[in-house]
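Student: Sequence below, structure please.
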Amino acid sequence: MPSYTSTTILGFGITSFFTGGYTLVFPSAILSTLSLPESALPAVRGNGLAAIAMGIYYTLASIQENRAFFKATVPMRLLTTTVFWMQGWKAASLWEGIGAGLTGLALLIEWNSDREKKRRE
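Tutor: The predicted model follows:
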């Protein structure tokens with residue numbers, strides 16, 4: 001059974017992958033949602049590709065139970081949350097922040113559980 005942390009990472013990977021795909025298929029919708037000018041279309045498409053790649057990486061890390069990767073994602077996603085919020089991209093900011101919080105909480109719960117198991121041995 002996958003760990004709680006792995007499940008949060010998998011969830012983020014899947015949503016990232018599909019969001020990237022949506023961005024590539026409907027880039028104008030993203031321009032409108034983020035209040036970006038038409039000239040930002042190439043950057044939006046590039047970000048769609050990056051989101052697909054990130055979705056693949058997160059999914060692979062989840063399957064591999066890559067704990068170092070899980071830990072590294074939390075501070076980066078919190079930074080992304082802050083930058084997105086300051087940019088006015090509230091939905092994307094909340095998606096990042098809630099995901100980072102859930103991953104961090106899952107890491108903490110599993111760390112405490114592992115520590116308790118070792119204490120009993």
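Student: contacts and neighbour counts: CA atoms only from here.
Tutor: Will do.
Student: need the strands for this protein, in chain order.
Tutor: Assigned by DSSP state E, the strands in the chain number zero.
Student: Do a quick rundown of the helices in it.
Tutor: Ranges of helices within the chain are 4-25, 27-33, 41-64, 67-87, 90-120, based on DSSP state H.
Student: Could you name the helices and strands sitting against the shortest one?
Tutor: Here helix 27-33 touches helix 41-64, going by 3 or more C-alpha pairs under 8 Å, 6 or more residues apart in numbering; DSSP states H and E.
Student: now what about the helix it packs on, what contacts it?
Tutor: Helix 41-64 is contacted from outside by 6-7, 9-10, 12-24, 27-28, 30-31, 69-70, using C-alpha atoms under 8 Å, 6 or more residues apart in numbering.
Student: Report the buried members of the residues you listed.
Tutor: Buried members of the contacts of helix 41-64, counted by 16 or more other C-alpha atoms under 10 Å: 6-7, 9-10, 12-17, 19-21, 23-24, 27-28, 30-31, 70.
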